[in-house]
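After the sequence you'll find the predicted model.
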Amino acid sequence: MTIDYRARQQGRAVYLIAGQTRSHTMPLKPAANVRGGILPTGISSPADLDFLDPANPFFVTDRALFSYGQFIGSSTPEGIFRRRPGVTILGDSGGYQLIGNASLWQSNATRANALAWLEANTDEAMTLDIPTRAIGNNPLFPDFNACLGTTLANNRKRAFRSTPFPDAVRPS
């Protein structure tokens, strides 16, 4: 029996399953490449784990959260968290990864890369924020005003675009 969670979203907070690389790629793997081809009872193939597919034999939902953060500096593999009819993918910009890794912040290039990834992989997206937890953990964001100022700059009209521009160019 399939449990359909789509109807439960009426008049309620909507909780999204957060996609990780393994849950993203597993349903597309050949059965032979998973656990030596020995799948748990009731799972006929890894495709049964694609909970965004209405034909899923276990449960289905029509939305999920997928974060750029896990792919900063690398390519995004093929998987289930992708644009497709009847599914909404909410994109997270990956700001959390900037908390302890100053080398990931490259100003306009970081903004442009996050935007390009979000445009290519998601239907809706969250802004690229600098979490205040970065204070004391990332020397580029030493205080609340640095976190807030960068987050606000990330939201300015034309603050960034899908193709990077030199830092010397000031967006209007």
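Noted; the coordinates are in hand.

Excluding chain neighbours, what is closest to residue 48?
residue 57 (5.7 Å; CB to CB, 6 or more residues apart in numbering). The C-beta positions use only the backbone N, C-alpha and C, and glycine is treated the same way.

what's the neighbour count on that neighbour?
As a burial measure, residue 57 scores 13 neighbours (other CB atoms under 10 Å).

Then residue 23?
Counted with other CB under 10 Å, residue 23 comes out at 18.

Distance check, it against residue 113.
Using CB to CB, to the nearest Å, one gets 23 Å for the distance from residue 23 to residue 113.

cool, and residue 152?
19 Å.

Of the two, which one has the most company?
Shown here are residue 152 and residue 113; by other CB under 10 Å, residue 113 has more neighbours (21 against 13).

Show me how far the strand or helix carrying the more buried one is from its chain's centre.
According to DSSP states H and E, residue 113 maps onto helix 108-121. Here helix 108-121 is found 11 Å from its chain centre; the criterion is CA atoms, centre = their mean, to the nearest Å.

following it, which helix or strand comes up?
strand 124-125.

Direction included, what does that next one pair against?
Strand 124-125 has the following sheet partners, assigned by DSSP bridges: strand 88-92 (parallel).

What angle do helix 108-121 and the partner strand make with each other?
170 degrees (axes from the mean of the first three to the mean of the last three CA atoms, to 10 degrees).

could I have strand 88-92 exported to CSV, CA atoms only?
C-alpha atoms of strand 88-92 as CSV (Å, rounded to 0.1, in the frame of the first residue of the first chain):
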residue,chain,number,x,y,z
THR,A,88,8.8,20.9,-6.5
ILE,A,89,12.4,20.9,-5.5
LEU,A,90,13.3,23.6,-3.0
GLY,A,91,16.9,24.6,-3.2
ASP,A,92,19.1,25.6,-0.4
